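Engineer: Predicted model and sequence below, questions to follow.
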Amino acid sequence: MSTILQFLGSDHRACDDLFALAEEAAGNKNWDSARGLFGKFQAAMAHHLAMEEEVLFPAFEERTGMSAGPTQVMRMEHEQMRALIADMAAAAAAGNVSAYLGASETLNMLMQQHNIKEENMLYPMADRALGADGEAVLHSMQAVGR
């Protein structure tokens with residue numbers, strides 16, 4: 001079985017790949033493709049954030065007693081990401097390349113910094129804190145939205 005770091009790190013890369021494909025299509029004003037790819041990215045991000053917020057963060061907080069620590073910061077950044085994704089959705093619907101690319105540039109910087117924090121700090125902490133229970137947490141995350 002994989003670790004939380006491996007599982008969610010891999011999911012980060014899958015989301016990043018969809019993001020890049022959608023951004024490229026929008027930059028080329030290929031809106032049919034951009035909207036479809038953006039929809040896939042938006043769904044993948046919603047799923048990723050739900051796995052963390054509904055399963056991982058509560059399990060980590062319960063195990064460590066830290067509810068005002070790293071998970072609080074991650075939740076705040078998730079809200080910032082959701083706002084930017086909403087801006088991108090509006091820009092895609094309107095076919096506004098400059099608005100889409102502006103929001104996507106900001107989101108990309110935020111996501112990359114966020115992912116580094118999760119992959120270098122939070123996920124390894126969660127793997128250590130959850131220990132043998134990590135496998136059950138992984139199964140619960142895989143079941144989110146299915």
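Structural biologist: Now that the structure is in, tell me what you want to look at.

Engineer: Can you pull out the low-pLDDT segments for the protein?
Structural biologist: By pLDDT under 70, the low-scoring segments of the chain are 1, 146.

Engineer: And the helices in it?
Structural biologist: Taking DSSP state H, the helices of the chain run over residues 4-27, 31-51, 57-64, 70-94, 97-117, 123-130, 134-143.

Engineer: what's the fourth one packed up against?
Structural biologist: Contact analysis of helix 70-94 by 3 or more CB pairs under 8 Å, 6 or more residues apart in numbering; DSSP states H and E lists helix 31-51, helix 57-64, helix 97-117 as its packing neighbours. Backbone N, C-alpha and C define where each C-beta goes, glycine included.

Engineer: and of those, who's closest to R128?
Structural biologist: Closest to R128 of the helices and strands packed on helix 70-94, according to CB to CB: helix 57-64, at 9.7 Å.

Engineer: Go ahead and name everything in contact with that closest one.
Structural biologist: 66-67, 71, 74-75, 122, 125-126, 129-130, 133, 137, 140 (CB atoms under 8 Å, 6 or more residues apart in numbering).
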